[in-house]
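Trainee: Sequence and predicted model, in that order:
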Amino acid sequence: MLPVLTGLENFIESPPAFAAGKRLGLLCNPASVGRNFVHAREMINMRFPGKLTALYSPQHGFFSEKQDNMIESDNMVDPLLGIPVFSLYGKTRIPTKEMFEPIDILLIDLQDAGTRVYTFIYTMSYCLEAAKRFGRKVAVLDRPNPISGAAVEGNCLSPEYTSFVGRYPIPMRHGLTIGELALLFNDLFGIDCDLEVVPMKGWKRTMYFIDTGLPWIPPSPNLPTPVSAAVYAGQVLLEGTNISEGRGTTQPFEIFGAPFINTREIISDLGSNSLPGIILRPVVFEPTSNKWQGELCKGFQIHIYDPVKYKPYFSTLKLLHAIYLYHNNEFRWKSPPYEYEFDKYPFDLITGHPSIRAAIESSDRIDEIEITWKPELEEYLHISRQYYLYA
């Protein structure tokens, strides 16, 4: 199988006519590389000498050095090219007129996680809105959805739970590439900016990242491998609880736990074959930072043996259901703030609806709750398929 050609590489190999003679900006981070590991800003600067005039960074910073939520980055000057780097996760998350003054076209080259709560897609959406407001063009250099474009999962976001981890009513696992999402946001939600998507070549919807032949560069500090990205669509829920999601370990999101968890009780409650596609291996770990820092935690590592059968969102909800059942005296929902929201439970912002937390507290069956999402998922699929760029 030939390796996938990213939108960045397609842009460099066959520069579109709209870029000729224009001042270019680039929204990027360390994962914005070609297959030879050369960074996008270097590739674009070599292909368009002197035309790359500004850079922009999402959450976690230009060098992806910031570990956690609500840790902001400042504007800076790129040490390589000597051009400004404007932080879009700092004093503002919305591009200002001054930020767009140096450019005619904004290029976006970001690796998404395939999950509704990953903030890069909302930084992109704010850029689309700003481009419309300030009369600029946007070109998204497409990249793979690392957890495939063939599956969607979860409930759709309820509008009253809109936040920076969910601006639009899409499901937790959205099944689109970042370029397809840009088209959907721009059209369906009335942004209507001048938008182009530079597509990939060779990517198929059934591909997981490991199938693409591309190098995995962590798009954020706690997605170090394609496996961490594969479990993230479910395990991110733990950010809204006092269960460690594995931050402060070498395998964030793959391992999870807390000092009070009885792994035998959890396994007993789940029963055999209740979490398709994965095996839970009991582990003991000690986080070096974040929740339960320096304390011995008992929990599990998720081992994926069949990514097609594995449903990350459903699986983590089943796990939380069992944890709450056996450990409701020690288990806690995390209190605000979370991603600049100061009133609502973080868990509700992540799931997009408070009914899911209520269902866990009421010991409702997750299987039955999942059935209620089917109509909205079918409607979402009907709409989202109109924006597919790849068969």
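Mentor: Cool, the structure landed. Numbers count the residues shown, from 1 in each chain.
Trainee: tell me the pLDDT at the residue nearest to G248 when sequence neighbours are not counted?
Mentor: Leaving aside its sequence neighbours, G248 sits nearest to P287 (CB to CB, 6 or more residues apart in numbering; 3.3 Å). All C-beta spots, glycine's among them, are computed from the backbone N, C-alpha and C. On pLDDT, P287 comes in at 98.
Trainee: SS state for P287?
Mentor: Assigned state for P287: coil (three-state reduction, DSSP: H, G, I helix; E, B strand; the rest coil).
Trainee: again, but for V284
Mentor: Once three-state DSSP is applied, V284 turns out strand.
Trainee: And for it, the neighbour number?
Mentor: Using other CB atoms under 10 Å, V284 has 12 other residues around it.
Trainee: so it makes contact with E295?
Mentor: No - the criterion here is CB atoms under 8 Å, and V284 misses it with E295 at 11.0 Å.
Trainee: Give the closest residue to the residue positioned nearest the centre of the chain in space, chain neighbours not counted.
Mentor: For the chain, the residue sitting closest to the mean C-alpha position, by CA atoms, centre = their mean, is Y118 at 2.9 Å. Spatial nearest neighbour of Y118, chain neighbours left out: D112 (6.0 Å); criterion: CB to CB, 6+ apart.
Trainee: so how far is the helix or strand where M43 lies off the chain centroid?
Mentor: Here M43, judged by DSSP states H and E, is contained in helix 40-47. Taking CA atoms, centre = their mean, to the nearest Å, one finds the center of helix 40-47 at 25 Å from the center of the full chain.
Trainee: Just give the number of residues close to the residue lying closest to P30 once chain neighbours are set aside.
Mentor: In this structure, P30 finds its nearest non-sequential neighbour in S64, 4.8 Å apart by CB to CB, 6+ apart. Neighbourhood size, S64 [other CB under 10 Å]: 20.
Trainee: picking up where we left off before, the residue nearest to Y118 contacts G175, doesn't it?
Mentor: No - counting by CB under 8 Å, D112 sits too far from G175 to count as a contact (11.4 Å).
Trainee: In terms of helix, strand or coil, where does I356 fall?
Mentor: I356 - assigned by three-state DSSP - is helix.
Trainee: can you pull the pLDDT of it?
Mentor: For I356, pLDDT reads 97.
Trainee: do the same with M70
Mentor: 79.
Trainee: State whether it is indeed within a strand.
Mentor: No - M70 is assigned coil when assessed by three-state DSSP, not a strand.
Trainee: thinking it is in contact with Y340, fair?
Mentor: Yes - using CB under 8 Å, M70 is in contact with Y340, at 6.7 Å.
Trainee: before we move on, back to that, who touches the residue nearest to Y118 in this structure?
Mentor: Each residue near D112 by CB atoms under 8 Å, 6 or more residues apart in numbering is listed here: 118, 120-121, 143, 145-146, 177-178, 181, 219.
Trainee: Make JSON lines from those and add distance to S57 to it.
Mentor: Formatted as JSON lines, these follow (distance: CB to CB, whole Å):
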{"residue": "Y118", "distance to S57": "15"}
{"residue": "F120", "distance to S57": "10"}
{"residue": "I121", "distance to S57": "15"}
{"residue": "R143", "distance to S57": "17"}
{"residue": "N145", "distance to S57": "22"}
{"residue": "P146", "distance to S57": "20"}
{"residue": "T177", "distance to S57": "21"}
{"residue": "I178", "distance to S57": "16"}
{"residue": "L181", "distance to S57": "19"}
{"residue": "P219", "distance to S57": "12"}
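Trainee: And the residues you listed, which is closest to I279?
Mentor: P146 (20.9 Å; CB to CB).
Trainee: what about the closest one, how many neighbours?
Mentor: Count around P146 with other CB under 10 Å applied: 24.
Trainee: Touching, it and F209? I think so.
Mentor: Yes - shown here, P146 and F209 form a contact pair, counting by CB under 8 Å, at 3.9 Å.
Trainee: Now for those two: what residues contact both?
Mentor: 216, 226, 229.
Trainee: Turn those into CSV, including distance to T6, pLDDT and neighbour count.
Mentor: Output for these, formatted as CSV (distance: CB to CB, whole Å; pLDDT from 0 to 100; neighbours: other CB atoms under 10 Å):
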residue, distance to T6, pLDDT, neighbour count
W216, 13, 97, 18
P226, 15, 97, 18
A229, 16, 97, 27
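Trainee: taking the residues you listed one by one, which sit in helices?
Mentor: If you go by DSSP state H, those have 226, 229 in helices.
Trainee: Between the shared contacts of P146 and F209, which sits nearest I44?
Mentor: W216 (21.5 Å).
Trainee: Find the nearest non-adjacent residue to the closest one, please.
Mentor: P226 (5.2 Å).
Trainee: so how far is Y338 from the residue nearest to P30?
Mentor: From S64 across to Y338, the span is 20 Å (CB to CB, to the nearest Å).
Trainee: Kindly report the same for G202.
Mentor: Where Y338 is concerned, G202 sits at a distance of 38 Å (CB to CB).
Trainee: who has more neighbours, these two?
Mentor: Higher neighbour count among G202 and Y338: Y338, with 22 against 14, using other CB under 10 Å.
Trainee: Not counting its neighbours along the chain, what's nearest V165?
Mentor: V117 (4.1 Å).
Trainee: does the one you found really touch I350, like I thought?
Mentor: Yes - using CB under 8 Å, V117 makes contact with I350 at a distance of 5.6 Å.
Trainee: Next, count neighbours for the closest residue to K309 other than its chain neighbours.
Mentor: The spatial neighbour of K309 that comes closest, neighbours along the chain excluded (CB to CB, 6+ apart), is G277 at 3.5 Å. Using other CB under 10 Å, G277 has 17 neighbouring residues.
Trainee: List the contacts of G277.
Mentor: 304-311.
Trainee: Tell me where this protein has helices.
Mentor: 7-13, 40-47, 97-100, 120-134, 178-188, 226-235, 263-270, 312-327, 346-351, 354-361, 366-372, 374-384.
Trainee: Reformat those helices into JSON lines and put distance to T53 next to each item.
Mentor: Below are these laid out as JSON lines (distance: least, CB to CB, whole Å):
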{"stretch": "helix 7-13", "distance to T53": "17"}
{"stretch": "helix 40-47", "distance to T53": "10"}
{"stretch": "helix 97-100", "distance to T53": "11"}
{"stretch": "helix 120-134", "distance to T53": "15"}
{"stretch": "helix 178-188", "distance to T53": "22"}
{"stretch": "helix 226-235", "distance to T53": "32"}
{"stretch": "helix 263-270", "distance to T53": "54"}
{"stretch": "helix 312-327", "distance to T53": "40"}
{"stretch": "helix 346-351", "distance to T53": "36"}
{"stretch": "helix 354-361", "distance to T53": "45"}
{"stretch": "helix 366-372", "distance to T53": "48"}
{"stretch": "helix 374-384", "distance to T53": "34"}
